[in-house]
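Trainee: Quick one, fold the following:
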Amino acid sequence: MAKILLGVSSSIAIYKACELVRELKKTGHEVKVVLSPFSERFVSKLTFQALSGSKAYVEWEDDPLLHINLPRWSDLFLIAPCSINTLSKITLGIGDNLLTTCALSHKGTLMLAPAGNVEMYKNPAVQRNIKELKDRGVIVIEPEEGKLLCEEEGQGRLASVERILDWVDYALRPKPLEGKRVLITVGATREFIDGVRFISNLSSGLLGYSLARAFRWYGAQVKVIAGFTTAKEPPEVEIIRVVSGMEMYQKVMELKDWAHIVVMNAAVADYRPSETYIGKLKKQEKLTLELVKNPDILQELGNSKEKRLLIGFALEEEKDLLKNAVEKLQRKNLDAIVANPLQAMGSQEYYGKLIFKHGEVFEIRAEDKLKSAEAIVKLLIKKLL
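Mentor: Numbers count the residues shown, from 1 in each chain. The predicted model follows:
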């Protein structure tokens, strides 16, 4: 876990910083808070001291080198909310309070989450400042669109706590996948019988979405092709929606040449009705459906793999888990396969095996799928790249 210095500047969105401190602490991070002088009119430093369990700072008090010592202590300096005023001061090298002088002396990763009126945020001078900060390696978490305090609609709302936390995870990890492009399929396809009924399965998309987050944390550019999912979509990842297995096939074939790594996690239906009825079928005593095979996307990718890394998934009965997964890995020309028991589908916890083409097998077990996804990604990096 990391030492995080949280900067808080004056904004009505400061109430979200209180929740952010709680969530960072819950994750196991150590947090210290430094406030701009005016921000104490919104929330006092006493509140942040109680939430963080550490002293919060507004002025230098007894340590004249506090603006040096706090940044040296931290692994990551995050300012959220970052007012337009504070953002512009940091860009121009102005250090007129403890928060801005800490930003100027900080040598590690600096991350800003701006919040402000849409017209202020879109001002050309502010946009130039943001571009300059990004060019200098500062991570700027773009604000969200919506209704603002001033009753205007537009971009300016502080990023959600969930998004900020995901960026913290991103900032704290190395980037061995920088420059790599990863295509991931997730979720369940739906094969429609008529206008309202369909054949599908229990896949939630949770593991696939977790893999997308983990690949991004380690530096990859990620695109997700998603069928039906019930899990929450990952932030900062492009998601392309499809419905049927044929649509999934067409989109994968369209994007496969873009990717350096293809991860086929989606639960694609093996069969689809040969005919889809218009409207809604009337209830009958018996209904006979003729099913035809969907394209085997993974097999086709394996047949034309070229230099791409190809990762597959196998959902199997526990007793045949390893044997069937190895057979699938070899038959479909994969670089690695993740073997899941049936209980993994739709559950929060995770157990499975990661098998590589050269024969190594690793057991993956975690209390949640995000942790297991990161374990899978780290092993793929170590063994294949």
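Trainee: going forward, measure contacts between C-alpha atoms and count neighbours the same way
Mentor: Noted.
Trainee: my read: residue 315 touches residue 337, true?
Mentor: No: taking Cα atoms under 8 Å as the definition, residue 315 is not a contact partner of residue 337, at 10.5 Å.
Trainee: which of these two has more neighbours?
Mentor: residue 337 (25 against 18; other Cα atoms under 10 Å).
Trainee: Following element in sequence after the strand or helix carrying that one, please.
Mentor: Using DSSP states H and E, residue 337 sits within strand 336-341. Helices and strands here follow DSSP H and E; after strand 336-341, the next one along the chain is strand 350-356.
Trainee: Other residues contacting that following strand?
Mentor: 322, 326, 335-341, 344, 361-369, 372, 376 (Cα atoms under 8 Å, 6 or more residues apart in numbering).
Trainee: domain ranges for the chain?
Mentor: 3-171, 181-384 (automatic domain parsing).
Trainee: all helices for the chain, in order.
Mentor: 14-27, 45-52, 66-73, 84-92, 98-105, 118-122, 124-135, 161-171, 206-217, 245-255, 297-303, 321-331, 369-384 (DSSP state H).
Trainee: got the contact list for residue 93?
Mentor: residue 104.
Trainee: most neighbours per residue, which of the helices of the chain?
Mentor: helix 206-217 (a mean of 27; mean count of other Cα atoms under 10 Å).
Trainee: That one - contacts with which helices or strands?
Mentor: On a contact count with 3 or more Cα pairs under 8 Å, 6 or more residues apart in numbering; DSSP states H and E, helix 206-217 meets helix 161-171, strand 181-186, strand 221-226, helix 369-384.
Trainee: shaky segments in this structure?
Mentor: 147-151, 346 (pLDDT under 70).
Trainee: make it 80
Mentor: 146-154, 156, 318, 343-349 (pLDDT under 80).
Trainee: Any of the contacts of strand 350-356 buried? List them.
Mentor: Burial by neighbour count, judged by 16 or more other Cα atoms under 10 Å, picks out 322, 326, 335-341, 344, 361, 364-365, 368-369, 372, 376 from those.
Trainee: Pretty sure residue 188 sits against residue 268.
Mentor: Yes: using Cα under 8 Å, residue 188 makes contact with residue 268 at a distance of 6.0 Å.
Trainee: Identify the contacts common to the two.
Mentor: With Cα under 8 Å, 6+ apart as the test, residue 188 and residue 268 reach no residue in common.
Trainee: related to what we said a few turns ago, using CSV, lay out the helices and strands packed on helix 206-217 together with distance to residue 129.
Mentor: Output for the helices and strands packed on helix 206-217, formatted as CSV (distance: least, Cα to Cα, whole Å):
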stretch, distance to residue 129
helix 161-171, 20
strand 181-186, 29
strand 221-226, 25
helix 369-384, 34
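Trainee: right, and these - which one's nearest residue 67?
Mentor: helix 161-171 (21.9 Å; Cα to Cα).
Trainee: Could you list the residues in contact with that closest one?
Mentor: 16, 19, 20, 24, 76, 109, 113, 141, 216, 217, 218, 235.
Trainee: same thing with stretch 195-208?
Mentor: Applying Cα under 8 Å, 6+ apart, the set of residues contacting stretch 195-208 from outside is 184-193, 226, 228-232, 265-267, 269, 272, 276-280, 345-346, 369-370, 373.
Trainee: Tell me the buried residues within the residues you listed.
Mentor: 184-193, 226, 228-229, 231, 265-267, 269, 272, 345-346, 369-370, 373.
Trainee: TSV for the helices of the chain, including distance to residue 200?
Mentor: Below are the helices of the chain laid out as TSV (distance: least, Cα to Cα, whole Å):
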stretch	distance to residue 200
helix 14-27	36
helix 45-52	45
helix 66-73	52
helix 84-92	48
helix 98-105	52
helix 118-122	43
helix 124-135	44
helix 161-171	30
helix 206-217	16
helix 245-255	10
helix 297-303	17
helix 321-331	22
helix 369-384	22
